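>>> Here is a sequence together with a model predicted from it:
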Amino acid sequence: MLFNSLQYLVFLPVVFFLYWATPHRLRVPLLLVASYTFYMSWRPIYGILIFGLTLANFLLVPYIAKAANAEGGKFIFGPKTWVGITVAVNLICLAIFKYAYFTMDTIKAGLGLAGIDWKEPHLHIILPLGISFFVFEFIHYAVEVYRGKPVVKSFPALALFAGFFPTQIAGPIKRYQDFCPQLTEKIKFKWDYLDQGMQMILMGLAKKVMIADNLALVAQAGFTHPENFSGLDLWLITYAFAFQIFFDFAGYTDIARGSALLFGFKVPINFNLPYLAENVADFWRRWHISLSTWLRDYLFIPLGGSRGSDLLTYRNLFITMALGGLWHGAAGHFFVWGAYQGIVLILHKEYLKLRSAVGLSAQLEKSPALAKAYNWLSIVVTFHIVCIGWVFFRADDMKSATAIISKLLVAPVELVNFSAAKLAILQIRDPIIFPALVLLLPALMISHLVVAWLNDKKFYLSPPWAVQVTVMVALMCLLTIFSPDSSPRFIYFQF
């Protein structure tokens with residue numbers, strides 16, 4: 001069941017009305033049934049998976065707390081061992097479903113180098129939707145209990161924490177100490193829940209259907225057959241994918257947060273104008289915030305964080321981002337994308353040292369005009385660094401990614417001789433729609449600035465009702481006009 005499907009258009013209002021008509025004590029079971037119905041509408045068998053993993057964590061995690069509080073000799077294993085067992089159970093489950101084929105392909109390639117022809121078994125494994133997200137939520141829960149946070153004593157509460165349908169498939173990744181207390185609050189219906197929730201959902205649909213799905217046509221054409229395009233064409237295609245993935249995922253997050261708010265639940269934001277980041281570290285503080293903070297808290301810091309030498313810090317950064325890349329997908333190009341992010345983060349730290357050493361930092365502090373120009377230049381450079389990374393992320397394999405990157409790098413030569421360069425991409429697509437999309441790319445960047453200004457002015461806290469109604473009606477009309485013939489599923493559903 002997709003957020004942008006007719007099924008969800010029927011499912012959500014039914015659950016909404018039942019929820020607010022139900023006594024408080026029955027609301028968690030109602031949402032739990034609704035969440036499992038939502039998840040099992042795709043493949044019913046995987047309802048057993050999420051239930052079994054929830055049960056395993058419900059039984060194992062309390063031993064972490066008991067071992068920590070036990071007086072000598074009562075437990076064979078200490079709390080560190082119990083948290084290790086719990087995390088291992090979750091990771092093994094994730095590895096079986098997500099990395100089995102990748103592991104076998106790697107083994108086969110290695111044996112092939114040794115002249116051994118190994119015929120791997122076919123396991124008939126289909127990746128369950130959202131498994132990466134609820135596994136990370138369970139690991140967070142186990143580690144936080146190890147750090148002294150309380151155990152969730154209610155099985156339905158823990159099951160709803162992982163299975164809550166608005167965030168179940170692609171996040172945001174929740175923190176249990178923020179979400180579970182909301183389950184016991186005896187909240188009453190407020191019109192603000194409906195008002196703000198519906199606005200978020202409508203804005204999310206607009207981002208997904210109007211922008212991301214149309215840009216997907218451009219990205220698909222370019223990344224499927226990069227050999228048909230020049231370097232300048234491929235830069236346009238890369239820009240198109242950069243905005244496609246942002247509006248696709250940000251649109252999903254808006255729908256998820258809006259759907260949760262209909263029931264009075266607050267889930268964390270996931271994006272904060274990431275393409276206005278001034279450096280790559282700032283980008284990761286703005287992009288997929290729930291994942292970035294999870295990687296920081298449960299991978300980077302446990303590895304040692306920034307507590308050691310620069311070399312150890314850089315090692316920890318690289319490992320964190322490389323594994324973050326593999327979390328996105330069991331393929332070499334995802335690993336390379338993560339490794340690339342780790343390398344540019346390391347280079348950024350080295351650049352900051354160089355900037356201070358040559359006195360540029362001091363000059364920026366003294367001259368506001370110079371600092372302003374430097375910030376704008378930094379935003380442009382950072383955006384292009386991120387875009388190069390998106391090529392590895394979106395490409396079908398490393399061969400395709402390297403072919404595209406090589407063309408992107410020679411694009412400046414084409415630009416010098418622009419009269420000889422053919423923008424073939426403008427000729428092979430629809431003569432009206434595609435040029436409009438190309439013009440849309442700078443408009444999207446400008447819209448980032450407009451939204452940032454409106455946020456700074458606190459416009460969204462209390463817009464006039466007439467403005468709200470006008471915007472919502474306009475969005476519904478635009479959704480009808482500019483929706484493509486078919487809407488693909490959200491990009492992050494595959495992770």
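All right, it came through fine.

>>> Backbone dihedrals for residue 147, please?
phi -80, psi 0 (degrees, to the nearest 10).

>>> count of residues packed around it?
Using other CB atoms under 10 Å, the number of residues around residue 147 comes to 12. Backbone N, C-alpha and C define where each C-beta goes, glycine included.

>>> residue contacts, residue 338?
Residues near residue 338 by CB atoms under 8 Å, 6 or more residues apart in numbering: 321, 322, 323, 324, 325, 326, 327, 328.

>>> Secondary structure element holding it?
According to DSSP states H and E, residue 338 maps onto helix 332-357.

>>> Just give me how far that helix sits from the chain centre.
Centroid displacement of helix 332-357 relative to its chain, using CA atoms, centre = their mean, to the nearest Å, is 20 Å.

>>> List the buried residues in it.
332-346, 348-349 (16 or more other CB atoms under 10 Å).

>>> So which of the contacts of residue 338 is the closest to residue 1?
residue 328 (22.8 Å; CB to CB).

>>> re the thing from before, now the contacts of residue 338 in JSON lines, with distance to residue 135, pLDDT and neighbour count?
Converted to JSON lines, the contacts of residue 338 look like this (distance: CB to CB, whole Å; pLDDT from 0 to 100; neighbours: other CB atoms under 10 Å):
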{"residue": "321", "distance to residue 135": "19", "pLDDT": "96", "neighbour count": "23"}
{"residue": "322", "distance to residue 135": "18", "pLDDT": "95", "neighbour count": "20"}
{"residue": "323", "distance to residue 135": "13", "pLDDT": "94", "neighbour count": "17"}
{"residue": "324", "distance to residue 135": "14", "pLDDT": "94", "neighbour count": "24"}
{"residue": "325", "distance to residue 135": "17", "pLDDT": "93", "neighbour count": "24"}
{"residue": "326", "distance to residue 135": "13", "pLDDT": "90", "neighbour count": "18"}
{"residue": "327", "distance to residue 135": "10", "pLDDT": "90", "neighbour count": "21"}
{"residue": "328", "distance to residue 135": "14", "pLDDT": "89", "neighbour count": "19"}
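
>>> Can you flag which of these belong to helices?
321, 322, 323, 324, 325, 326, 327, 328 (DSSP state H).

>>> next helix or strand past the helix holding residue 338?
Helix 332-357 is succeeded, C-terminally, by helix 360-366 (DSSP H and E).

>>> next structured bit after that following helix?
helix 368-394.

>>> For the longest helix anywhere in the chain, the averaged confidence score.
In the chain, assigned by DSSP H, the helix with the most residues is helix 79-113. Over the span of helix 79-113, the pLDDT mean works out to 85.

>>> now the angle from the next helix or strand after that helix to helix 79-113?
Sequence order places helix 131-146 as the next helix or strand after helix 79-113, per DSSP H and E. If you take axes from the mean of the first three to the mean of the last three CA atoms, to 10 degrees, helix 131-146 sits at 150 degrees to helix 79-113.

>>> Tell me which residues of the helix or strand following helix 131-146 come out buried.
Remark: after helix 131-146, the chain's next helix or strand is helix 155-163, criterion DSSP H and E. Residues of helix 155-163 classed as buried: 157, 158, 159, 160, 161, 162, 163 (neighbour count, 16+ other CB under 10 Å).

>>> Include pLDDT and distance to residue 97 when you put these into JSON lines, please.
Formatted as JSON lines, the buried residues of helix 155-163 follow (pLDDT from 0 to 100; distance: CB to CB, whole Å):
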{"residue": "157", "pLDDT": "95", "distance to residue 97": "25"}
{"residue": "158", "pLDDT": "96", "distance to residue 97": "21"}
{"residue": "159", "pLDDT": "96", "distance to residue 97": "19"}
{"residue": "160", "pLDDT": "95", "distance to residue 97": "22"}
{"residue": "161", "pLDDT": "95", "distance to residue 97": "20"}
{"residue": "162", "pLDDT": "93", "distance to residue 97": "15"}
{"residue": "163", "pLDDT": "93", "distance to residue 97": "17"}
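
>>> Closest one to residue 20 out of those residues, please.
residue 160 (16.8 Å).

>>> Contact partners for the residue positioned nearest the centre of the chain?
With distances taken as CA atoms, centre = their mean, residue 288 lies nearest the centre of the chain, 4.5 Å away. Contacts for residue 288 were tallied using CB under 8 Å, 6+ apart; they are 171, 249, 270, 271.

>>> Just give the number of residues close to the second one.
Taking other CB under 10 Å as the neighbour definition, residue 249 ends up with a count of 22.

>>> which element is it on?
helix 231-262.

>>> now the angle from that helix to helix 368-394?
Using the same axes, to 10 degrees: helix 231-262 against helix 368-394 is 90 degrees.

>>> Show me what secondary structure element comes after helix 231-262.
Assignment by DSSP H and E places the next element after helix 231-262 at helix 280-286.

>>> and the helix or strand immediately after that next one in the chain, what's its mean pLDDT?
Proceeding N to C from helix 280-286, the next assigned helix or strand is helix 289-295, under DSSP H and E. For helix 289-295, mean pLDDT is 95.

>>> Residues touching the helix or strand just after helix 289-295, excluding its own?
Proceeding N to C from helix 289-295, the next assigned helix or strand is helix 301-303, under DSSP H and E. Applying CB under 8 Å, 6+ apart, the external contacts of helix 301-303 come out as 315, 316, 319, 320.

>>> quick one: which of these has the most company?
residue 320 (24 neighbours).

>>> Show the contacting residues for that one.
295, 296, 299, 300, 303, 342.

>>> want to throw those residues into JSON lines with distance to residue 18?
Shown next, in JSON lines, are those (distance: CB to CB, whole Å):
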{"residue": "295", "distance to residue 18": "37"}
{"residue": "296", "distance to residue 18": "38"}
{"residue": "299", "distance to residue 18": "39"}
{"residue": "300", "distance to residue 18": "42"}
{"residue": "303", "distance to residue 18": "45"}
{"residue": "342", "distance to residue 18": "47"}
